[in-house]
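1. return a 3D structure for these sequence lines:
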Amino acid sequence: MHHRCVPSTPTPAPLPPPRAKENIYTIPNALTTARMVFSPVIGYLIVNEQFTLALGSLIVAGFSDMLDGWIARRYNMKTFLGSALDPAADKMLMTVLTVSLCSANLLPSTLGRAAVHSLL
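-> Modelled structure (predicted):
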């Protein structure tokens with residue numbers, strides 16, 4: 001009997017087991033959500049010329065952005081939700097800052113429109 005040499009097809013790798021629901025109630029996600037909630041407050045402070053308070057709030061927002069990423073990596077609290085929320089919070093804050101600085105005439109409107117357009 002004559003056997004032909006037929007290359008075998010590779011066996012596909014087994015699928016990973018389904019992941020359990022991830023815990024979205026983490027400190028990093030709470031910090032990111034707080035940053036999103038307080039972004040309009042910072043804009044309000046700028047428009048109402050409360051610049052010292054706005055600057056202090058912006059510093060706190062920047063620190064919380066750094067802290068949430070560090071906590072997520074250090075304590076293995078990375079989540080799918082957090083990976084989507086964090087960049088959204090950053091864009092939201094930058095958009096609010098651009099619009100509020102333009103409204104307060106502290107940023108030329110043409111530059112503000114260009115900045116907002118690049119964020120979208």
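
2. from here on, contacts and neighbour counts on C-alpha atoms
-> Will do.

3. give the contact list for Asn48.
-> Ala104 (Cα atoms under 8 Å, 6 or more residues apart in numbering).

4. could you do the one 3 residues further on as well?
-> Counting by Cα under 8 Å, 6+ apart, Phe51 touches Leu45.

5. same thing but at 10 Å, please
-> Ile42, Leu45, Ser57 (Cα atoms under 10 Å, 6 or more residues apart in numbering).

6. how close does the residue most central in space within the chain sit to Arg74?
-> Nearest to the centroid of the C-alpha atoms of the chain, with distances taken as Cα atoms, centre = their mean, sits Asp86, at 1.6 Å. Look at Asp86 and Arg74: by Cα to Cα, to the nearest Å, they are 16 Å apart.

7. swap in Val96?
-> Here Val96 is placed at a distance of 30 Å from Arg74 (Cα to Cα).

8. higher neighbour count, the two?
-> For Val96 versus Arg74, the count of surrounding residues by other Cα atoms under 10 Å is larger for Val96: 20 against 10.

9. skipping its backbone neighbours, what lies nearest that one in space?
-> In space, and not counting its chain neighbours, Val96 is closest to Gly43: 5.7 Å by Cα to Cα, 6 or more residues apart in numbering.

10. tell me which element that neighbour is part of?
-> Gly43 is part of helix 27-47, with elements assigned from DSSP states H and E.
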